[in-house]
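Peer 1: Show me the folded form of this:
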Amino acid sequence: YLIDLGRQLPPLDDSEKTEANLLHGCQSQVWVVASGDADCLHFRAASDAAIVSGLIALMLKVYDGRSAETVLEMKPDFISSIGLDRHLSSTRNNGLAALHKRLQAEAARRLAAGG
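Peer 2: Now for the predicted structure:
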């Protein structure tokens with residue numbers, strides 16, 4: 001199921017796979033691109049690993065299209081609620097935490113910019 005979710009992610013253009021968009025803290029290469037404003041944030045992301053792409057897709061299903069305030073308030077509790085965290089290596093759990101921090105940082109940036 002995770003791999004299928006990852007395959008559904010729209011691909012990033014090679015021009016978006018930059019150092020600025022690279023997510024640090026992941027074992028795999030992951031790029032995150034944010035757009036929108038404080039009222040409605042949109043996230044796109046890609047990875048070079050199939051399972052990681054699926055994990056990204058799960059996170060984006062929850063966070064994409066939300067307001068910056070909501071993104072900042074939300075915690076990725078659903079990962080443990082569904083028991084997924086027990087099936088992931090500590091490296092993958094750390095990567096999810098890094099992705100969550102990046103999404104929150106993008107939200108904070110939009111709020112600080114006033115929209």
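Peer 1: how far out from the middle of the chain is stretch 26-39?
Peer 2: Offset of stretch 26-39 from its chain centre (C-alpha atoms, centre = their mean, to the nearest Å): 6 Å.
Peer 1: Can you measure across it, start residue to end residue?
Peer 2: End-to-end span of stretch 26-39 (C-alpha to C-alpha, to the nearest Å): 28 Å.
Peer 1: What are the contacting residues of that stretch?
Peer 2: If you take C-beta atoms under 8 Å, 6 or more residues apart in numbering as the criterion, stretch 26-39 is touched by 12, 16-18, 21-23, 41-49, 52, 56, 67-69, 91-92, 94-95, 98-99, 102-103, 106-107, 110-111, 113-115. Any C-beta I mention is one placed from the backbone N, CA and C, and that applies to glycine too.
Peer 1: rerun at 6 Å
Peer 2: For stretch 26-39, contacts defined as C-beta atoms under 6 Å, 6 or more residues apart in numbering pick out 12, 16-17, 21-23, 42-49, 52, 67-68, 91, 95, 98, 102, 106, 110-111, 115.
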